[in-house]
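>>> Kindly generate the corresponding structure for this input.
(one chain, ligands or ions: 4)
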Amino acid sequence: MPGVNNPPPPITTAAAQQKMAQERREDAGDLRRLVNEAHPPRASDLAELQSLQKTRKDRDDTDTTASLSETLKSKSREAGPRVVVREPKHLYMPQSPRSRAAAEAEQTDLIKEMFHEMGDIGLKPVVVYHNLSVPELYEHALKYEPSSHIVASGALATLSGAKTGRSPKDKRVVREPDSEADIWWGTGSPNYEMDERTFILNRERAVDYLNTLDRLYVFDGYAGWDTQARFKIRVVCARPYHALFMHNMLIRPTEDELHDFGLPDFTIYNGGAFPANRYTSYMTSSTSIDVSLKHKEMVILGTQYAGEMKKGVFSLMNYVLPKMGILSLHSGCNEGKDGDVTLFFGLSGTGKTTLSADPQRPLIGDDEHGWSDRGVFNIEGGCYAKAIGLKQENEPYIFDAIKFGTILENVVFDEETRHVDYDVSAITENTRASYPIEHIENAKIPCVGGHPKNIIMLCCDAFGVLPPVAKLTKEQAMYYFVSGYTAKVAGTEQGVTEPEATFSACFGSAFLMWHPTKYASMLAEKVEKYGAHVWLINTGWTGGPYGVGYRFKLRHTRAIVNAIHSGELGAAEYETMPTFNLQVPKEVSGVPSEVLLPVNCWADTENYNKTLTHLASLFTKNFVKFQDGGGHVTPEEASAILASGPTVE
Ligand SMILES: Nc1ncnc2c1ncn2[C@@H]1O[C@H](COP(=O)(O)OP(=O)(O)OP(=O)(O)O)[C@@H](O)[C@H]1O
Ligand SMILES: O=C([O-])CC(=O)C(=O)O
Ligand SMILES: [Ca+2]
Ligand SMILES: [Mn+2]
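Residues are numbered from 1 along each chain as shown. Ligands and ions are numbered 1, 2, ... in the order given. Take a look at the predicted model:
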C-alpha cells in the first residue's frame with residue numbers, strides 16, 4: 001500500500017502549537033529589544049510616526065489659541081473645527097456661527113477680505129487652500145485627481161480634459177460704459193461681446209459649481225515684473241493642477257508680499273469642469289471664457305485647459321498696459337552679455353519659447369512682455385513650452401526644466417518606468433510643460449531688461465516660400481507686425497498637404513483688447529525712439545510646401561539668430577527677393593548659402609513663383625481691414641504701411 005513505509009507526519013498537538021507560538025513571540029521580542037536598544041523608538045504608532053515625517057518652523061501655537069476653549073484647541077477635524085494656525089494656507093470655514101466666529105478671530109486681514117469678496121458673489125467654501133506649496137499641491141493632485149502621476153523626471157503629468165487647447169471663439173468681453181469705446185469689437189476682433197447680466201449669470205453658474213465642492217484652491221500672485229506695472233491676480237479654482245499652473249505662471253509673492261497682498265486687482269473664477277448653459281444668451285457652445293473689466297473678473301466654464309487662465313491675464317494686461325503708455329507684447333525675450341535685449345514675436349508654435357532659451361543669453365521670458373519707458377519686463381513668472389517632439393539634444397534648457405514642480409499636460413508616459421515619450425501625440429499635438437522661470441538654468445531674475453536692440457518676428461511658413469531671414473525696414477516691420485502671419489500645416493490626415501495661412505494681428509490677435517493699430521503705432525514709436533533693428537525669420541518650410549519640402553533645421557535658425565546677435569547680419573550684403581521685396585543676406589555663418597533664397601531649394605521654379613504670388617495675395621487680402629487705420633493711425637499712415645507689403649500685379 002502506498003505510504004505504508006513512509007515516516008508518520010509529526011503530530012502537532014494544541015499544546016505544541018502554543019509552545020511554538022510562544023517561542024516565536026519571544027524571538028520577536030528579543031529582536032525588538034535589540035533594535036530598540038540601537039534605535040530607541042520615536043513613535044508609538046503609525047499616526048505618530050507620520051507626524052514625525054513633516055517638520056515645521058518653530059511657532060508658538062499657544063499664543064494664538066490661548067483664548068479658545070479646549071475643544072477648539074484640538075487640531076483634529078473630528079474633535080471640533082480646526083484652529084487655523086498656519087494662515088494664510090489652510091482655511092477651514094466652520095458652518096456653525098460660534099465656530100465660525102472663533103475661526104474668524106484667527107484670520108489675517110488678507111483672509112478676512114478674501115472671504116468677504118467670496119461672500120459678495122455667493123461663494124461659500126468649506127475649505128480653502130491658499131497659496132499651497134508645490135509639494136502640497138502635488139499631494140492634493142495625486143490624492144484627488146485620478147489623472148495625476150509623477151513621471152521619472154519628477155514632473156507632475158496631468159490631463160486637461162476634453163479641451164486640450166484654447167477656445168478663442170468662446171472668449172467674451174462685457175460691453176461696459178467705461179471701456180466700450182476702447183475695445184476692438186466687430187469683424188476680425190477676438191472680443192465677442194456679452195452684457196453684464198449674462199456675465200453675472202455665468203459667474204453664478206461657476207460659483208454654484210464651486211460651492212458643491214469640498215475644497216477650493218486660491219492662488220494669489222502678480223503679473224508684471226516691473227513693480228510700477230505690477231497687478232495682483234487671484235485665481236479661485238477647483239483643481240490643484242490649476243492652482244499649481246498659476247503658481248508656475250504668475251510671479252510668486254514672498255511671504256511678506258503675500259501678507260500685505262490686500263485686495264486683488266483681478267480675479268479668475270475657474271469653474272472649468274462645469275459647462276456653460278448653451279441656452280444662455282450669447283452662448284454658442286458649453287464653453288465660455290468671460291471677462292468683465294468693470295468687475296475685474298474672469299469666469300471660466302466648460303474648459304479645463306489651463307492656458308485660458310494665463311492668456312486671460314494677458315488679455316487684461318493688453319488692456320491696462322497701453323492705458324499706462326506701456327506696450328504689451330506676445331513675445332519671448334532674452335538678453336546678451338552686454339545687456340542687449342532681443343524680442344521674439346510670433347504666433348503659437350513659431351519658436352518664441354524654443355529660440356529665447358539660449359545658452360549665450362539669459363532668459364527674460366518666453367511669451368508675454370511689457371515695454372515701458374524703463375525698458376522691457378516679463379509679465380509672467382514661468383514658461384509654457386510646447387512639449388511635442390521635445391529632445392534633450394535640441395532643446396536642453398527646456399528638457400532639463402521638466403523636473404519636480406513642472407506640470408506636463410496631456411503627455412504620454414510609460415506606465416512602469418514613467419519615462420515620457422514626447423513624440424506621442426495620442427492625446428493632442430499641443431502637449432505642454434509649465435514651469436517656473438527659475439527652472440531655466442540661465443533665467444534673468446528679476447525678469448526685466450533695457451530697451452530692445454533687436455526685434456525678431458517669427459513665422460512658420462508652411463507654404464515654403466519665405467526666406468529663413470530678412471532684414472525689415474521700419475515700414476515693413478509695421479506691415480509684418482500688423483499682418484501677424486504664420487501658416488499651419490493643414491492636419492496630417494490622408495496626405496492633405498495644403499497649408500493654411502493664419503493672420504493674427506500683432507502676432508496675438510486672440511489676446512488683443514484694443515484695435516491692432518493701437519499696438520502697432522506704439523511699436524512704431526518705440527522702434528524709432530530706441531533704434532531697434534527688426535528681422536523676419538521663417539522657422540517653417542522650404543524646398544516646397546509642407547508635405548513636399550522640409551522644415552528649416554533648428555540649428556540653422558539658431559545660427560541665424562546668433563549672426564543677428566554678433567552683428568554679422570547688420571554688416572552683411574543683401575539682395576532683394578522679388579514680390580515680397582525682402583532684403584535677404586547673401587551669407588550667414590553656419591548656414592548653407594543656397595537655403596537663404598528659397599527659390600534655390602525648390603525643384604520647380606514655376607511652382608515656387610505661383611506659390612509665392614498666392615501667398616502675397618493672401619497678405620494683401622488680409623490687410624484690407626486695416627486700411628482705415630482703426631482709429632489709432634491715419635488712413636494715410638495705414639497706406640504707407642501697406643505700400644511696404646508684397647506687390648502683386
Ligand atoms: N527651425 C526651427 N526653429 C524653431 N522651432 C523649430 C524649428 N524646427 C522645429 N521647431 C519646433 O517648433 C516648435 C516651436 O514651438 P515654441 O514652443 O517655441 O512656440 P511658441 O512660439 O513659443 O508658441 P506658443 O505661443 O504657443 O507658446 C518647437 O516644438 C520646436 O522644437
Ligand atoms: O496660450 C496658449 O495656450 C499657448 C500659447 O502660448 C499660445 O497659444 O500663444
Ligand atoms: Ca511658448
Ligand atoms: Mn503664447
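>>> interface residues of the protein facing ligand 2?
166, 307, 311, 348, 367, 384 (CB under 6 Å from any ligand atom). No exception for glycine: its C-beta is placed from N, CA and C like everyone else's.
>>> Helix, strand or coil: sort out Gly405 for me.
At Gly405, secondary structure determined by DSSP: H, G, I helix; E, B strand; the rest coil is coil.
>>> wait, it sits on Ile437?
No. Judged on CB atoms under 8 Å, Gly405 makes no contact with Ile437 at a distance of 11.5 Å.
>>> ok, and the most crowded of the residues of the chain next to ligand 2?
Using other CB atoms under 10 Å as the neighbour criterion, Asp367 leads these with 27 neighbours.
>>> show me the contacts for it.
The neighbourhood of Asp367, defined by CB atoms under 8 Å, 6 or more residues apart in numbering, consists of 330-332, 352-353, 380, 383-384.
>>> ok, back up a step: which pair in the residues of the chain next to ligand 2 spans the largest distance?
Arg166 and Asp367 (12.9 Å; CB to CB).
>>> need the next SSE after the helix or strand hosting His116, C-terminal direction.
Using DSSP states H and E, His116 sits in helix 109-120. Moving toward the C-terminus from helix 109-120, the first helix or strand encountered (DSSP H and E) is strand 127-130.
>>> tell me which residues in that following strand are buried?
Buried residues in strand 127-130, counted by 16 or more other CB atoms under 10 Å: 128-130.
>>> can you tell if stretch 406-425 touches ligand 3?
No. Residues of stretch 406-425 are not located near ligand 3 by CB under 5 Å from the ion, the shortest gap being 13.0 Å.
>>> Give the burial count for the residue of the stretch 401-550 of the chain found nearest ligand 2, as a bare number.
In the stretch 401-550 of the chain, the residue that lies nearest ligand 2 is Gly508 (6.7 Å; CB to the nearest ligand atom). For Gly508, the neighbour count with other CB under 10 Å is 26.
>>> these two touch, right, it and Ser348?
No. Contact criterion CB under 8 Å: Gly508 and Ser348 do not qualify, at 9.0 Å.
>>> With only the CA atoms kept, save stretch 148-158 in CSV.
Backbone C-alpha positions of stretch 148-158 (Å, rounded to 0.1, in the frame of the first residue of the first chain) are rendered in CSV as follows:
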residue,chain,number,x,y,z
SER,A,148,-2.2,62.9,-11.9
HIS,A,149,1.0,61.0,-11.9
ILE,A,150,4.6,61.7,-11.1
VAL,A,151,6.9,60.9,-14.1
ALA,A,152,10.5,59.8,-13.9
SER,A,153,11.9,63.4,-14.0
GLY,A,154,9.8,64.4,-11.1
ALA,A,155,7.3,66.4,-13.1
LEU,A,156,3.5,66.1,-12.5
ALA,A,157,1.7,64.7,-15.5
THR,A,158,-1.9,65.5,-15.8
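>>> pretty sure Tyr217 contacts Tyr241?
No. Taking contacts as CB under 8 Å, Tyr217 lies outside contact range of Tyr241: 9.3 Å.
>>> returning to that earlier point: with the buried residues of strand 127-130 in mind, which one is nearest to Val151?
Nearest to Val151 among the buried residues of strand 127-130 is Tyr129, at 23.7 Å by CB to CB.
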